[in-house]
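# this one's structure only:
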């Protein structure tokens, strides 16, 4: 019998630790929906997409997705005028919303998975996102994947993402409060896994939950002491790894806070 998957929005029931046991849940976060007309216009997003194309993003599916999602809905009202600039912005709790170019670059890499080879118009299957943040990348992934599972370990950000995404009513996006380092086995296997935090290495749990023909895109520690993007393909012959450009993401951590 197939396991019933959670509907939007959901939250994993964490295993309480000594540090989190008895902690009251965070207060609900109201969605930030700036009303500045210029920020909501298609023309503003179109200019952002043009810049992404000029920077080398070429996958039409990714460009369409970036143009479809209103990034200004995911940032604080004080920063709304910067929403479509190619810059990261703070979202609270020491976290940031990644630059549009970084989001587009990582999703474009994900769309290069072996399972999609020779299928320029195809969608990815089920995707696991590690680090929901404010929910922006999950909204973009919704346009290129058939289903998105997104895990966030910080309760405040999980609630904020729920509030931000409620406006869009995305039935195929599932938000979960949990430890991203262990993935989400109940939703596996995944056609793609994408991470917004970097650790010493890609956790073994992610590799186990990745389908054959699937791809992981994640930042990891590099030999030079910084971080670099790594792409891992799971093929019938085994794993193939490719280390790409230097990046800077928050550290990958376990547990729930």
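Nice, I can see it. Computed from a prediction, not measured in an experiment: that's the story for all the values here.
# rest of the way, CA atoms for contacts and neighbours
Fine.
# now do residue 70, the pLDDT please.
The predicted structure scores residue 70 at 94 on the pLDDT scale.
# check residue 5 too.
The predicted local confidence for residue 5 comes out at a pLDDT of 52.
# straight-line length of stretch 51-65, end to end?
End-to-end distance for stretch 51-65, by CA to CA, to the nearest Å: 14 Å.
# scratch that, stretch 195-203
Start and end residues of stretch 195-203 are separated by 11 Å (CA to CA).
# all further residue positions should be reported with the first residue as 28.
Shifting the count to begin at 28 puts that one at stretch 222-230.
# list the buried ones in it?
The neighbour-count check on stretch 222-230 (16 or more other CA atoms under 10 Å) flags 222, 223, 224, 225, 226, 229 as buried.
# any idea how far the third one lies from residue 195?
In this case it means residue 224. Going from residue 224 to residue 195 by CA to CA gives 25 Å.
# also the first one?
Separation of residue 222 from residue 195 (CA to CA): 22 Å.
# and residue 222, what does it touch?
For residue 222, the residues meeting the contact criterion (CA atoms under 8 Å, 6 or more residues apart in numbering) are 156, 157, 158, 244, 245, 246.
# rerun that using 7 Å as the cut-off
With contacts defined as CA atoms under 7 Å, 6 or more residues apart in numbering, residue 222 is in contact with 156, 157, 158, 244, 245.
# any idea how far residue 121 is from residue 98?
Taking CA to CA as the measure, residue 98 and residue 121 are separated by 19 Å.
# got phi/psi on residue 74?
phi -70, psi -40 (degrees, to the nearest 10).
# do residue 202 as well
As for residue 202, its main-chain torsions (degrees, to the nearest 10) stand at phi -100, psi 130.
# check what pLDDT the residue lying closest to it once chain neighbours are set aside gets.
For residue 202, ignoring the flanking residues on the chain, the nearest one in space by CA to CA, 6 or more residues apart in numbering is residue 177 at 5.0 Å. The predicted local distance difference test score for residue 177 is 98.
# ok, residue 41 next?
We note a pLDDT of 40 for residue 41 in this prediction.
# any weak-confidence spans in the protein?
Within the chain, the ranges that satisfy pLDDT under 70 run 28-67.
# check which helices and strands the helix or strand hosting residue 156 sits against.
Assigned by DSSP states H and E, residue 156 belongs to strand 151-157. The elements that strand 151-157 packs onto, with contact taken as 3 or more CA pairs under 7 Å, 6 or more residues apart in numbering; DSSP states H and E, are strand 172-179, strand 217-222.
# what's the closest of those strands to residue 251?
Distance to residue 251, taken as CA to CA, is lowest for strand 217-222 among these, at 20.6 Å.
# and the next helix or strand after that closest one, which strands flank it?
The helix or strand immediately downstream of strand 217-222 is strand 224-225, counting by DSSP H and E. Each strand that strand 224-225 pairs with, and the sense of that pairing, follows from DSSP bridges: strand 277-278 (parallel).
# hmm, who's touching the partner strand?
Outside strand 277-278, the residues that touch it by CA under 7 Å, 6+ apart are 224, 225, 226.
# let me have those residues in CSV, extended by distance to residue 257.
What follows is the contacts of strand 277-278, written out as CSV (distance: CA to CA, whole Å):
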residue, distance to residue 257
224, 12
225, 10
226, 11
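# thinking residue 128 is in contact with residue 78, fair?
No. Taking CA atoms under 7 Å as the contact criterion, residue 128 and residue 78 are not neighbours in contact, 8.8 Å apart.
# which of these two has more neighbours?
Neighbour totals were compared for residue 128 and residue 78, and residue 128 leads with 22 against 16 (other CA atoms under 10 Å).
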